[in-house]
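>>> Predicted model and sequence below, questions to follow.
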Amino acid sequence: MNRDELKQAVLDSLAAVAPEMNAAELRQDEPLREQLDLDSFDFLQALVELDRKLSVSIPESDYGRLTTLEACVDYLAGRLGEQVH
Amino acid sequence: MSSRPATEPLLTLSPDEVHFWVVEPEGVTEPRLLEAYRALLDEGERERHLRFRFEKHRHQYLVSHALVRTTLSRYAPMAPEAWRFVTNAYGRPEVAGEGLPPLRFNLSHTDGMAVCAVALGVDVGADVEDALRPGQTVELADSFFAPAEVAALRALPVERQRERFFELWTLKEAYIKARGAGLSLPLDQFAFHLEPGRLPRISFDPRMEDEPEAWKFVPLRFSERHPAAVAVRRDRGLPLRVRCQRTVPLAGEGEPWFVSA
């Protein structure tokens, strides 16, 4: 899966919890949580969506790395590379 | 709500109390008041305020942070705009500076409501949720809650599961917020046990390295759709009084009411 596909998966997961979001307006390098006022409930919903789309499990200790859209794509690229399917 | 005269004396907060201030941000629309709130924010808060993509979120942020600042100023001779904050590694804000009463606070907001809990010198965490918000609930519990919680939740009649989910969720959020570590604490390594007529009990997986008797948890409800909870690091055997009060920052306050735990 390339970076554009990973980015789309993140955006689709976010759209599930923030349906009013306009992906084109999101700033790639600013925290998603701050742009969209995501709380813990939204965040975990988005993780469930991501898992459904990508079959990726993310340990709690890595949550802090999922900040910006760019950071999410970087993290997922690495994580999916590590996971044995 | 009545207007509060500017000369109203400071409130005192004793070690056996938590104070809970409640505002409904959507009801605060007077432009003059919102301008006054903006003037209370520091530079970092102003930047963050502008970063939200939606006006609804900007409004909730503005009213919530005015709530924090005006609330703290009820307990110390400090102007609301003068408070400075530091954040821990997980982003949790605390009052900066010495020479003040050791005020600890925790803010929570959701659609329709923001709350600020204040305690004296002890870890405190607060959470309020909109139980009508869309999204998975029981399925979220399946993925993230402790097995004992999932079993108790699934054993309930289906029509009661969503309500119980939010009771558990507000308690769990209040606890991780009181610990100051947010979601980096695994939600499946501690469990709440709810029984009618009794205060919630917590149990910990040994990996959490925490002690159930060291905490008090109080479920609260501020409207039909807004369950809330507070977690306080206080010996479970000691009494705790939760003082709740509705407010519109800089405009007026309701009468306080009390919950004993």
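Perfect, thanks for sending it. All figures in this text were calculated on a predicted structure; none of them were measured in a lab.
>>> What parts of chain B come near chain A?
With CB under 8 Å from any CB of the partner chain as the criterion, chain B comes near chain A at residues B:48, B:51-54, B:57, B:60-61, B:90, B:110, B:129, B:133, B:135-136, B:139-140, B:143-144, B:169, B:173, B:182-186. Every C-beta, even on glycine, is put in place using the N, C-alpha and C of the backbone.
>>> Which stretches in chain A count as helices?
All helices of chain A, identified by DSSP state H, fall at A:3-17, A:32-36, A:40-54, A:69-82.
>>> For B:Leu153, find the nearest of the ones you listed.
Proximity of the helices of chain A to B:Leu153 was assessed by CB to CB; the nearest stretch is helix A:40-54, lying at 15.4 Å.
>>> hmm, who's touching that closest one?
A:1, A:6, A:9-10, A:12-14, A:16-18, A:33, A:36, A:38, A:56-58, A:63, A:66, A:76, A:80, B:129, B:133, B:135-136, B:139-140, B:143-144, B:169, B:173, B:182-183 (CB atoms under 8 Å, 6 or more residues apart in numbering or on different chains).
>>> PyMOL command to pick out the buried ones of these?
Remark: buried members of these, expressed as a PyMOL selection using 16 or more other CB atoms under 10 Å in any protein chain shown:
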select buried, (chain A and resi 6+9+10+13+14+16+17+18+33+36+38+56+58+63+66+76) or (chain B and resi 129+133+136+140+143+144+169+173+182+183)
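>>> coming back round to it: can you list the helices of chain A in JSON lines and add distance to B:Arg162 and mean pLDDT?
Shown next, in JSON lines, are those (distance: least, CB to CB, whole Å; pLDDT from 0 to 100):
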{"stretch": "helix A:3-17", "distance to B:Arg162": "17", "mean pLDDT": "94"}
{"stretch": "helix A:32-36", "distance to B:Arg162": "24", "mean pLDDT": "91"}
{"stretch": "helix A:40-54", "distance to B:Arg162": "13", "mean pLDDT": "95"}
{"stretch": "helix A:69-82", "distance to B:Arg162": "29", "mean pLDDT": "93"}
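>>> nearest to B:Glu163, of those?
B:Glu163 lies closest to helix A:40-54 among these, at 15.1 Å (CB to CB).
>>> part of a helix, is B:Arg162?
Yes - remark: B:Arg162 belongs to a helix, assigned using DSSP: H, G, I helix; E, B strand; the rest coil.
>>> quick one: contacts for the residue lying closest to it once chain neighbours are set aside?
With CB to CB, 6 or more residues apart in numbering or on different chains as the criterion, B:Arg162 has its nearest non-adjacent residue at 5.0 Å, and that residue is B:Thr137. Counting by CB under 8 Å, 6+ apart, B:Thr137 touches B:161-162, B:165-166, B:169.
>>> Excluding covalently adjacent residues, which one is nearest to B:Pro80?
What sits nearest to B:Pro80 in space, not counting adjacent residues and going by CB to CB, 6+ apart, is B:Arg69, at 3.9 Å.
>>> Closest to chain A out of the contacts of B:Thr137?
B:Trp169 (7.0 Å; CB to the nearest CB).
>>> With chain B as the reference, measure out to the residue positioned nearest the centre of chain A.
The residue lying closest to the centre of chain A (CA atoms, centre = their mean) is A:Val10, at 4.0 Å. From A:Val10 over to chain B the distance is 16 Å, taken as CB to the nearest CB, to the nearest Å.
>>> Surely that residue is in contact with A:Cys72?
Yes - assessed by CB atoms under 8 Å, A:Val10 is found in contact with A:Cys72 at 4.8 Å.
>>> ok, B:Ala39 - how many residues close by?
Number of residues near B:Ala39 (other CB atoms under 10 Å in any protein chain shown) recorded here: 11.
>>> Just to be sure, B:Ile202 is in a strand?
Yes - under three-state DSSP, B:Ile202 falls within a strand.
>>> and it, bridged to which residues?
Following DSSP bridges, B:Ile202 is listed with bridge partners B:Phe192.
>>> which ones are touching it?
Contact analysis of B:Ile202 by CB under 8 Å, 6+ apart lists B:171, B:175, B:190-193, B:212, B:215, B:217.
>>> Next up, the contacts around B:Val242.
B:Val242 touches B:17-20, B:218, B:220, B:230, B:258-261, counting by CB under 8 Å, 6+ apart.
>>> quick one: buried residues of the host helix or strand of it?
Take DSSP states H and E as the rule and B:Val242 turns out to sit in strand B:241-248. Buried residues in strand B:241-248, counted by 16+ other CB under 10 Å: B:242-248.
>>> Adding pLDDT and distance to B:Leu40 as columns, could you present those in CSV?
Formatted as CSV, the buried residues of strand B:241-248 follow (pLDDT from 0 to 100; distance: CB to CB, whole Å):
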residue, pLDDT, distance to B:Leu40
B:Val242, 98, 26
B:Arg243, 98, 23
B:Cys244, 98, 23
B:Gln245, 97, 19
B:Arg246, 97, 19
B:Thr247, 97, 14
B:Val248, 97, 14
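>>> Done for today, thanks.
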